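1. Curious how this folds, go ahead:
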Amino acid sequence: MADKLKDTLFPLEKVQLFATVLKEVYPPFQSEEFVAAVCDKDWPERELKEKMRHTTLCLHQFLPQDFEKAVEILVAIVPKVTGFEAIVLPDYVEVYGQEHWDIALPALGELTKCGSSEFGIRPFLNKDLEGAMKYMLAWADSDDFRVRRFASEGCRPRLPWASGVPALKKDPSLILPILEKLKDDPEEFVRKSVANNLNDISKDHPELVLDICERWQGNSKNTDWIIKHACRTLLKQGNKRAMLLFGFANPELMKVEDFQLSNTSPAIGDDISFRFKLALDTKQKQKVRIEYIVHFVKANGKTSPKVFQIKEVEMKPGMHSINKKHTFKNMTTRKHYPGEHTFEIVINGDVKASAKLQLN
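-> As a prediction, this is how the structure comes out:
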């Protein structure tokens with residue numbers, strides 16, 4: 001997937017367009033020389049983040065060396081840059097703005113309108129957490145939804161593909177006022193970031209997140225959606241308090257019978273199916289979350305579990321038949337290795353049955 005991204009999201013044409021836009025705003029810009037410097041002999045082999053940083057370094061050669069003047073040019077092209085190349089703008093501020101906070105931080109708030117500044121803010125958070133978070137809190141009140149989303153996304157403790165902020169993992173208290181401001185935001189784009197931020201926090205501070213979710217529950221449809229998305233990791237982990245929060249029934253009232261795999265010796269690339277019966281020993285309908293776990297063999301021979309959801313549903317008392325297909329085809333996100341794999345059926349957070357197969 002990375003190879004495709006580096007080739008399709010930052011091609012030569014995008015670099016040329018980027019140079020044209022820069023020259024329109026800053027006529028002394030040497031656009032042809034800039035394109036030649038960016039698209040050098042090593043350009044095709046660079047990975048996506050390498051292309052971004054290389055472009056940033058080249059950009060610095062052709063912009064004014066005065067940081068404030070360079071940033072004025074970058075901010076001026078924001079309305080004209082909407083493609084993937086826009087990520088270079090906050091990267092420029094990240095690289096060259098560490099000694100110019102009064103210019104760099106406001107610039108990140110503007111540049112996020114064309115290419116999210118969520119990665120560019122991270123070094124500033126690590127350098128002076130309280131100072132940077134004051135800007136984040138103010139951005140949460142912005143009239144622009146992209147800036148409000150940045151206020152939450154930029155301070156996620158476990159933001160994917162970004163540098164970590166250990167202080168926020170240890171103590172997320174500075175994040176919470178931002179999430180409170182945004183918990184009922186009219187834009188789904190913003191609310192999803194709030195949920196993802198809480199989900200990040202839940203991995204280190206589950207009880208804190210559950211306290212927040214219990215307080216927000218029922219406030220509005222927006223907050224109810226946020227807390228369900230925020231608790232997805234806790235639900236996959238079978239956290240009992242999270243299960244109760246969303247009304248899932250006591251798993252002791254449920255039993256799995258006749259769990260069978262269609263093939264116990266498939267080959268990599270094969271599909272298999274499995275089935276089981278779920279018995280509810282209750283007097284009325286119950287809310288049920290049905291999942292299965294596969295303990296995948298890794299390259300080193302050890303195993304790693306992954307949870308897959310089958311469905312969430314209200315079920316009547318009695319016996320129910322469940323059927324599901326699983327694929328062992330290799331994907332960009334998962335490569336399979338031969339060895340013994342264990343399947344487990346999970347009902348409302350409890351493992352109720354297991355079976356093994358030998359993947360060849």
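
2. Show me how the record splits this structure into domains.
-> If you go by automatic domain parsing, the domain ranges for the chain are 2-245, 251-359.

3. Could you dump the ones you listed into JSON lines with mean pLDDT added?
-> Compiled in JSON lines, the domains of the chain are given as follows (pLDDT from 0 to 100):
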{"stretch": "domain 2-245", "mean pLDDT": "91"}
{"stretch": "domain 251-359", "mean pLDDT": "92"}
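
4. Just say which of those is most tucked in.
-> domain 2-245 (a mean of 18; mean count of other Cβ atoms under 10 Å). Bear in mind the C-beta positions are built from the backbone N, C-alpha and C, glycine included.

5. What is the distance between that one and the centre of its chain?
-> 12 Å (Cα atoms, centre = their mean, to the nearest Å).

6. ok, now how distant is residue 321 from residue 18?
-> The gap separating residue 321 from residue 18 is 57 Å, by Cβ to Cβ, to the nearest Å.

7. same check, this time on residue 153
-> 24 Å.

8. Grab the nearest non-local neighbour of the residue of the chain positioned farthest from its centre.
-> In the chain, counting by Cα atoms, centre = their mean, residue 283 sits farthest out from the average C-alpha position, at 40.6 Å. Nearest residue to residue 283 in three dimensions, chain neighbours excluded: residue 317, at 6.4 Å (Cβ to Cβ, 6 or more residues apart in numbering).

9. Does the residue farthest from the centre of the chain touch residue 253 like I think?
-> No. Using Cβ atoms under 8 Å as the test, residue 283 is too far from residue 253 to be in contact (9.8 Å).

10. which SS class is residue 95?
-> Under DSSP: H, G, I helix; E, B strand; the rest coil, the three-state class of residue 95 is helix.

11. what's near enough to touch it?
-> 53, 56, 57, 60 (Cβ atoms under 8 Å, 6 or more residues apart in numbering).

12. please redo it, this time with the cut-off set to 6 Å
-> residue 56 (Cβ atoms under 6 Å, 6 or more residues apart in numbering).

13. And it, how close does it get to residue 230?
-> 33 Å.

14. Can you name the residues that contact the residue nearest to residue 82 when sequence neighbours are not counted?
-> In space, and not counting its chain neighbours, residue 82 is closest to residue 114: 6.0 Å by Cβ to Cβ, 6+ apart. By Cβ under 6 Å, 6+ apart, the contact set of residue 114 is 78, 81, 82, 86.

15. could you check the distance from residue 114 over to residue 278?
-> Taking Cβ to Cβ, one finds residue 114 at 50 Å from residue 278.

16. cool, and residue 321?
-> 8 Å.

17. cool, and residue 87?
-> Residue 87 is 47 Å from residue 278, by Cβ to Cβ.

18. Over to residue 245?
-> In terms of Cβ to Cβ, residue 245 sits 22 Å off from residue 278.

19. Over to residue 75?
-> 58 Å.

20. got it, and residue 312?
-> 13 Å.

21. ditto for residue 231
-> 23 Å.

22. So what are the sheet partners of the host helix or strand of residue 322 and their directions?
-> Residue 322 is part of strand 318-327, with elements assigned from DSSP states H and E. Applying DSSP bridges, strand 318-327 is found paired with strand 271-280 (antiparallel).

23. Mind checking what helix or strand follows the partner strand in sequence?
-> With DSSP H and E, the next secondary element past strand 271-280 is strand 286-297.

24. Counting by contacts, list what that following strand packs against.
-> strand 303-315, strand 339-347 (3 or more Cβ pairs under 6 Å, 6 or more residues apart in numbering; DSSP states H and E).

25. so what strands line up beside the first one?
-> In other words, strand 303-315. Strand 303-315 has these strand partners (DSSP bridges): strand 286-297 (antiparallel).

26. which residues are contacting the partner strand?
-> Counting by Cβ under 6 Å, 6+ apart, 247-249, 280, 303-315, 337, 339, 342-346, 348 sit against strand 286-297.

27. try stretch 233-250
-> 199, 202, 206, 210, 231, 286, 287, 289, 307, 348, 349.

28. can you rerun that using 7 Å?
-> 199, 202-203, 206, 210, 213-214, 217, 228, 231, 282, 286-289, 307, 346, 348-350 (Cβ atoms under 7 Å, 6 or more residues apart in numbering).

29. ditto for stretch 193-200
-> Taking Cβ under 7 Å, 6+ apart as the rule, stretch 193-200 contacts 149, 152-153, 156-158, 175, 179, 182-183, 209, 212, 226, 229-230, 232-233.

30. now do stretch 266-278
-> Here stretch 266-278 has contacts from 254, 256-263, 319-330, 336, 338, 343, 345, 347, 353, 357, 359-360, using Cβ under 7 Å, 6+ apart.

31. How far off centre is that stretch?
-> 29 Å.

32. In space, what's closest to residue 32 - neighbours in sequence excluded?
-> With Cβ to Cβ, 6+ apart, the residue lying closest to residue 32 is residue 19, at 7.6 Å.

33. Which helix or strand contains that neighbour?
-> Secondary structure (DSSP H and E) places residue 19 in helix 12-25.

34. what packs against that helix?
-> helix 31-38 (3 or more Cβ pairs under 7 Å, 6 or more residues apart in numbering; DSSP states H and E).

35. Please name every helix or strand in contact with the helix it packs on.
-> Helix 31-38 packs on helix 12-25, helix 48-62, going by 3+ Cβ pairs under 7 Å, 6+ apart.
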